[in-house]
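In: Based on what follows, work out the 3D shape:
(chains A and B)
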Amino acid sequence: MADEVLFEFLHMELVALIHRDAVKDEKDGCIAKLESIGFRVGQSLIERFTKDCSRFKDELDTMKFICKDFWNSVYKKQIDNLRTNHQGVYVLQDNKFRFLTQMSNGKQYMEAAPKYLAFPCGLIRGALSSLGINCIVTAEVSAMPACKFQIQIQRM
Amino acid sequence: MSRQTARGGDPRKVNGELFTLTYGALVAQLMKDYENDEEVNKQLEKMGYNIGVRIIEDFLARANSTRCNDFRDVAEQISKVAFKMYLGVTPVVSNWSPAADEFSLLLENNPLTDFVELPEGHDALIYSNILCGVLKGALEMIQMDVDVKFVQDQLKGDNITEIRLKFIKRLEDAVPVGED
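Out: Got it, this is the predicted structure:
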């Protein structure tokens, strides 16, 4: 068990590290890097979280697990709202996303938000990929510290 | 419902595996980005330092500790309060130097290295070097210049993980230029 403050600081340093050496134009590269780190962590993490679980009924059941158990273990809260169009798009809304709560609520730091959402997006994608679901995860912030994660299932 | 949501315990604690795995992915990324181990060690220490200078505030706010009278008090606080609070382990304080300005923290299990095996050819890598940085940064914020380094590491086949702390000097408060 580690303390949440420590984890938050570690994540901040991770973001800072990746951006430290990068030149301005490489912004996308940094996001991709952070996302891939998150992916790796998510992949291994979900195996440990689900080892005592019964099999998931369907895709929606898997999503519910992500919204409740997974979110709870990682961010100490549940997703506030889950919506789906039943055609492979899921929108997870967190009204008070942990990595954004340390930032000012105004519009001032809106540009900085994506940096802090890349790792969490990767986490979700990694977790779902280990559960056999290929997807694209994007995040969107319209008012801090609320955040929407959109999961788009890729069907083969 | 067969699935259990409740993960009890301290509400301030995050899942330990999440922390360990994130740290592992971070070190792996550093090893990819920097060719030699020394540079990775340096980066880890730097990140630790940045964490240390911030975490001390949180520590002082939450630990309710009183002023330390000597370096022995400091050692106690680090092992029994700080390590316990942040990592959930309590290292043993030992190997004091005769002048009582140097001691070791002995860790029987290091939460950072839970799922870790060092790949071959990386003998110089100090995997948990971030801890040195954190300790150094945090102590610097309370006016102590301390040298921190790993002397033994279970990852390298030693029996125990040992972090050595050496008190160098008391730092004086520096007044910013132009403010008297």
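In: how about the residues of chain A that lie near chain B?
Out: A:1-7, A:9-11, A:13-14, A:16-18, A:21, A:33, A:37, A:40-41, A:44-45, A:48, A:53-54, A:65, A:68-69, A:72-74, A:76 (C-beta under 8 Å from any C-beta of the partner chain). Every C-beta, even on glycine, is put in place using the N, C-alpha and C of the backbone.
In: Run a quick neighbour tally on the closest residue to chain A within chain B.
Out: Using C-beta to the nearest C-beta, the closest approach of chain B to chain A is made by residue B:19 at 3.8 Å. Burial of residue B:19, expressed as a neighbour count using other C-beta atoms under 10 Å in any protein chain shown, amounts to 26.
In: dump the residue contacts of the nearest residue to it once chain neighbours are set aside.
Out: Leaving out its chain neighbours, the residue that sits closest to residue B:19 by C-beta to C-beta, 6 or more residues apart in numbering or on different chains is residue A:2, at 3.8 Å. Residues touching residue A:2, when contacts are defined by C-beta atoms under 8 Å, 6 or more residues apart in numbering or on different chains, comprise B:13, B:14, B:16, B:18, B:19, B:20, B:86, B:87, B:88, B:111.
In: and residue A:2, bridged to which residues?
Out: On the basis of DSSP bridges, residue A:2 is bridged to residue B:14.
In: In helices, which of the residues of chain A next to chain B appear?
Out: A:4-7, A:9-11, A:13-14, A:16-18, A:33, A:37, A:40-41, A:44-45, A:48, A:65, A:72-74 (DSSP state H).
In: other SSEs contacting the longest helix seen in chain B?
Out: Looking only at chain B and at elements set by DSSP H, the helix with the highest residue count is helix B:37-63. For helix B:37-63, the elements it packs on are helix A:4-20, helix B:16-33, helix B:84-87, helix B:130-140, judged by 3 or more C-beta pairs under 8 Å, 6 or more residues apart in numbering or on different chains; DSSP states H and E.
In: try 6 Å this time
Out: Other helices and strands packing on helix B:37-63, by 3 or more C-beta pairs under 6 Å, 6 or more residues apart in numbering or on different chains; DSSP states H and E, are helix A:4-20, helix B:16-33, helix B:130-140.
In: Mind giving me the packing neighbours of the last one?
Out: Spelled out, that is helix B:130-140. Helix B:130-140 packs on helix B:37-63, strand B:144-152, going by 3+ C-beta pairs under 6 Å, 6+ apart.
In: Mark which of the residues of chain A next to chain B are buried, thanks.
Out: Using 16 or more other C-beta atoms under 10 Å in any protein chain shown as the burial test, the residues of chain A next to chain B include A:1-7, A:9-11, A:13-14, A:17-18, A:33, A:37, A:40-41, A:44-45, A:65, A:69, A:72-74 as buried.
In: give me the low-pLDDT residue ranges for chain A?
Out: Within chain A, the stretches with pLDDT under 70 are A:1, A:24-25.
In: Show me what residue of it gets nearest to chain B.
Out: Scanning chain A for the residue nearest chain B gives residue A:2, at 3.8 Å (criterion: C-beta to the nearest C-beta).
In: returning to that earlier point: give me the buried positions along the longest helix of chain B.
Out: By 16+ other C-beta under 10 Å, the buried positions in helix B:37-63 come out as B:37, B:40-56, B:58-59.
In: next structured bit after that helix?
Out: helix B:71-76 (DSSP states H and E).
In: what mean pLDDT does that next one have?
Out: For helix B:71-76, the mean pLDDT works out to 92.
In: Touching it from outside, list them.
Out: Residues from elsewhere that reach helix B:71-76, judged by C-beta atoms under 6 Å, 6 or more residues apart in numbering or on different chains: B:68, B:93, B:100, B:103, B:167.
In: Please indicate which of those are buried?
Out: B:93, B:103, B:167.
In: Need the three-state assignment for the last one.
Out: It refers to residue B:167. Using DSSP: H, G, I helix; E, B strand; the rest coil, the three-state assignment for residue B:167 comes out as strand.
In: Name whatever forms a beta bridge with it.
Out: residue B:146.
In: show me the contacts for it.
Out: B:71, B:101, B:146 are the contacts of residue B:167 under C-beta under 6 Å, 6+ apart.
In: From the residues you listed, keep the buried residues only.
Out: B:71, B:146.
In: can you put the contacts of residue B:167 in CSV and add distance to residue B:133?
Out: Supplementary listing: those in CSV, determined by distance: C-beta to C-beta, whole Å:
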residue, distance to residue B:133
B:71, 20
B:101, 21
B:146, 12
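In: Could you report the neighbour count for residue A:15?
Out: Residues lying near residue A:15 (other C-beta under 10 Å) number 18.
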